[in-house]
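A.B. asks: I'll drop the sequence and a predicted model, then ask my questions.
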Amino acid sequence: MQSTKILTLLISLVVFINYINYVLPNRDKLQHQIVVLKQKIEKEKKLNEQKIDLKDLSLPYKNFFFDAKKYTYSQAMGKLQERITKSAKDICTINHIKWAQVPIHSQWYDILKMNLSLTTKPKAMFMFINHLRAYPELFVIKYLRITSDQKKEVLKVTLQIVAYRMKDEK
């Protein structure tokens, strides 16, 4: 009789200790969530009190595009090719550059595409991209294909670089 009482007590104690964490909510976690929610509410209140104008939030997109007032399509493509060759100078070997036939027109900008094939080492590829990023215009790399040369320790890279030319505002 005495042993069954002790056994029952031990079993109930084991169940209580092992499963109490799953049954009762974690008070520290709840307190932390309350503090975080209060901070987020205060932050939202401060943002709502500020008078933010849409002009303050807009990007100066003129800095990222070639300007149609300064450059025609051919001049913008020439400037794009010049920036690509300067970025690749001494770090990559440009195999060929091919201009797109005509620009793709949108309502207020033109898309300038240039196909490029180059041979480079992996570290030099990152340096080439960082040199391109240093220019103020926006360059987008599309259709990137990288293969390794079996005979040499170089990469053969084929890609399409896209830039944008803002049309005249009338």
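C.D. replies: Arrived safely.

A.B. asks: middle-most residue in this protein, spatially?
C.D. replies: Val140 (11.2 Å; C-alpha atoms, centre = their mean).

A.B. asks: what's across from the spatially closest residue to it that is not a sequence neighbour in the sheet?
C.D. replies: Of all residues beyond its chain neighbours, the one nearest Val140 is Val162 (4.4 Å), with distances taken as C-beta to C-beta, 6 or more residues apart in numbering. The way it works is simple: take the backbone N, C-alpha and C, and place the C-beta from them, glycine included. With DSSP bridges applied, Val162 shows beta-bridge pairing to Lys113, Val140.

A.B. asks: State the distance from Val162 to Arg83.
C.D. replies: Applying C-beta to C-beta, to the nearest Å, the value for Val162 to Arg83 is 13 Å.

A.B. asks: joint contacts of these two?
C.D. replies: Each of Phe139 lies in contact with both Val162 and Arg83 under the rule C-beta atoms under 8 Å, 6 or more residues apart in numbering.

A.B. asks: right, and the helix or strand after the helix or strand of the chain with the lowest mean pLDDT?
C.D. replies: None of the helices or strands of the chain scores lower by mean pLDDT, DSSP states H and E than helix 54-57, at a mean of 65. As assigned by DSSP states H and E, the chain's next helix or strand after helix 54-57 is strand 66-67.

A.B. asks: That next one pairs with which strands, and in what direction?
C.D. replies: strand 155-166 (parallel).

A.B. asks: in the partner strand, what's buried?
C.D. replies: By neighbour count on 16 or more other C-beta atoms under 10 Å, the buried set for strand 155-166 is 155, 157, 159-166.

A.B. asks: Can you list the low-confidence ranges for the chain?
C.D. replies: 21, 23-24, 53-61, 102-104, 106, 168-170 (pLDDT under 70).

A.B. asks: Quickly list the domain ranges of the protein.
C.D. replies: Using automatic domain parsing, the domain parsing of the chain gives 2-54, 61-166.

A.B. asks: if you compare those, which one is most tucked away?
C.D. replies: Of all the domains of the chain, domain 61-166 carries the top mean neighbour count, a mean of 15, counting by mean count of other C-beta atoms under 10 Å.

A.B. asks: Next up, the contacts around Asn26.
C.D. replies: By C-beta under 8 Å, 6+ apart, the contact set of Asn26 is empty.

A.B. asks: Backbone dihedrals for it, please?
C.D. replies: Main-chain torsions, Asn26, degrees, to the nearest 10: phi -80, psi 110.

A.B. asks: for Leu116, same thing?
C.D. replies: phi -140, psi 140.

A.B. asks: Wait, it touches Ile94, no?
C.D. replies: Yes: Leu116 lies in contact with Ile94 (C-beta atoms under 8 Å); the separation is 7.0 Å.
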